[in-house]
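> model the following, please.
(2 chains)
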Amino acid sequence: MAAARISGVRIAGIASAVPDQVHLPEEFFERFGKDEVQKVVASTGVYKRYLAPPGMCTSDLCQAAANRLISAGKWDRSSIDAIIFLSQSPDYSLPFTAAIVQRRLGLASECAAFDVNLGCSGYVYGLWLAGSLIAGGGMRRVLLLMGDTSTHVSEEDKSVALIFGDAGTATLLDKTDEPGDFVFTLGTDGRGEKNLIIPAGRCRKPSDAATRLRNSDKDGNRRSLEELYMNGAEIFAFTLAEVPKTVRNVLVASGRTIETIDSIVLHQANRFILEYLGKRMKIPMNKIPLSLGEFGNTSSASIPLTMTHCLRDALSQRKMDLLLCGFGVGYSWGAVSCSVGEIIMPEMVFLALDKIERETEI
Amino acid sequence: MDDQVRKKIVSQIEILVEVDAGFLAEETMVSDIEHWDSLAAVGFIAMVDENYGFTPSPKKIAASKTVGDLVDLVAAGLDGK
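Modelled structure (predicted):
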């Protein structure tokens, strides 16, 4: 695909929320052995994560982020024309979660709402989609919610148990007359289907007694067919094949270079991958902000969460030239070059289970 | 590929799996290497990409039975360039 260019759109604010429950790698010493856990942490760089307790969903985290954002920006809730909920952890199989959040946020009934099922590439796709609704879809203000809770991860599977964190984010996009384009490159390779997958529990292979049973794989990891399987080597090979290419393409299409970009926010897959990508693309690591040490790999939330955690002061005060790049499940990937700044960026929300707002009175 | 290059690849694998120089032979079974796991496979891909300029197939890495098979993978990749 040639690069897609969207103008007349600006990011007006970003907020992020994580559960208030901290989890440390030490919890796995007994199960996997201290040396083994420390080896994994040394490679992934994830030394802390926030995980949602039972009863807290991605929608709760996104709602908390959205409420903090809307309050901070003093936007009129009825001015939001569309709400997108992008996640792999919806409240239900049906109805779709965007409708539930539309009511709970107290948005107008004239508000368009829909869900999108994407993972680690989601933020770039979400900006493209929300931006397109404004640039060509007649909308003036769009609320983009995204994130995941890592349900369906087996605590007996070392290849996934120590990496993922939970988060929900809210990004508000507005129509604007200001100059400045968003330049996107997007891609898909469905051959990645089997390499990052929850094989059972939905239509292709419905849940039954056998799909709920955990079995050991050749590395001794135990998981059921209703839990996440990740082939790390295949994902890494895909990342090396596509990410440098898509970053290069979006730089060329937007007339920018690594030197002129202020910050390159990559999906927080794990530290080994990000450091290797930095080396491979000759990007100095001080241009690649990292949040994964404290929050883990938070799927589609990882880019906005990193912006909140690492770039909040800068983005609140001034414009920055950013390159954002997400890649993962599908396979799916995307990069966007854009100028973002002087936006509303509230502090991170640490959400307690008893603080989930079931209703918003307006 | 000459023997020196093959030896060098073996020594690079030794660094990856944290064993002393000379510990591995081409005949060593991959399954006998304590630190050969999915993280090591990712490290092997990065090592080959960085030093030899191509990405070895994860399927072929998983199918490799001996250290020599891994060296053959690198050799085949270099021949194909």
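> tell me where chain B has strands.
Using DSSP state E, no strands are found in chain B.
> tally of neighbours for the closest residue to chain A within it?
Using Cβ to the nearest Cβ, the single residue of chain B nearest to chain A is residue B:58, 3.8 Å away. Yep, even glycine has a C-beta here, placed from its N, CA and C like the rest. Neighbour count for residue B:58, taken as other Cβ atoms under 10 Å in any protein chain shown: 22.
> which ones are touching the residue positioned nearest the centre of chain B?
Central residue of chain B (Cα atoms, centre = their mean): residue B:70, 4.2 Å from the mean position. Contact analysis of residue B:70 by Cβ atoms under 8 Å, 6 or more residues apart in numbering or on different chains lists B:9, B:13, B:30, B:44, B:61, B:64.
> circling back to that earlier point, please name the residues that touch the residue of chain B closest to chain A.
A:231, A:233-234, A:236-237, B:41, B:45.
> from residue A:91, how far off is it?
35 Å (Cβ to Cβ, to the nearest Å).
> most remote residue from chain A's center?
residue A:209 (32.1 Å).
> just say helix, strand or coil for that one.
Assigned with DSSP: H, G, I helix; E, B strand; the rest coil, residue A:209 falls in the coil class.
> quick check on it: phi, psi?
phi -60, psi -40 (degrees, to the nearest 10).
> then residue A:216?
phi -90, psi 140.
> for the nearest residue to it once chain neighbours are set aside, give me its contacts.
Of all residues not flanking residue A:216 in the chain, residue A:222 sits nearest, at 5.1 Å (Cβ to Cβ, 6 or more residues apart in numbering or on different chains). Counting by Cβ under 8 Å, 6+ apart, residue A:222 makes contact with A:154, A:156-157, A:214-216.
> same question for residue A:350.
Taking Cβ under 8 Å, 6+ apart, one finds A:17-20, A:50 in contact with residue A:350.
> that one and residue A:20: what is the separation?
4 Å.
> give the burial count for residue A:31, as a bare number.
12.
> doesn't it belong to a helix?
Yes - assessed with three-state DSSP, residue A:31 lies in a helix.
> give me the number of residues near the closest residue to the residue of chain B closest to chain A other than its chain neighbours?
In space, and not counting its chain neighbours, residue B:58 is closest to residue A:233: 3.8 Å by Cβ to Cβ, 6+ apart. Residue A:233: 23 surrounding residues under other Cβ under 10 Å.
> is it true that residue A:233 touches residue B:45?
Yes - in this structure, residue A:233 is within contact of residue B:45 by Cβ atoms under 8 Å, at 6.2 Å.
> need the overlap of contacts for those two.
Joint contacts of residue A:233 and residue B:45 (Cβ under 8 Å, 6+ apart) are B:58, B:61.
> sorry, back to before: for the contacts of residue A:350, give me CSV that also has pLDDT, secondary structure and neighbour count.
Shown next, in CSV, are these (pLDDT from 0 to 100; DSSP: H, G, I helix; E, B strand; the rest coil; neighbours: other Cβ atoms under 10 Å in any protein chain shown):
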residue, pLDDT, secondary structure, neighbour count
A:17, 98, strand, 31
A:18, 98, strand, 31
A:19, 98, strand, 25
A:20, 97, coil, 15
A:50, 98, strand, 22
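> backbone dihedrals for the residue of the stretch 251-362 of chain A found nearest chain B, please?
The nearest approach of the stretch 251-362 of chain A to chain B comes at residue A:276, 5.2 Å away (Cβ to the nearest Cβ). With angles defined as degrees, to the nearest 10, residue A:276 sits at phi -70, psi -40.
> confirm the residue nearest to residue B:58 sits in a helix?
Yes - counting by three-state DSSP, residue A:233 is located in a helix.
> can you pull the contacts of it?
Counting by Cβ under 8 Å, 6+ apart, residue A:233 has contacts B:38, B:41-42, B:45, B:58, B:61-62.
> what's the answer for residue A:342, then?
A:315-319.
> spatially nearest residue to residue 46 (excluding sequence neighbours)?
No chain in the question, so chain A it is. Nearest one to residue A:46, counting by Cβ to Cβ, 6+ apart, is residue A:296 at 4.6 Å.
> actually chain B
Per Cβ to Cβ, 6+ apart, closest to residue B:46 is residue A:276, 5.2 Å.
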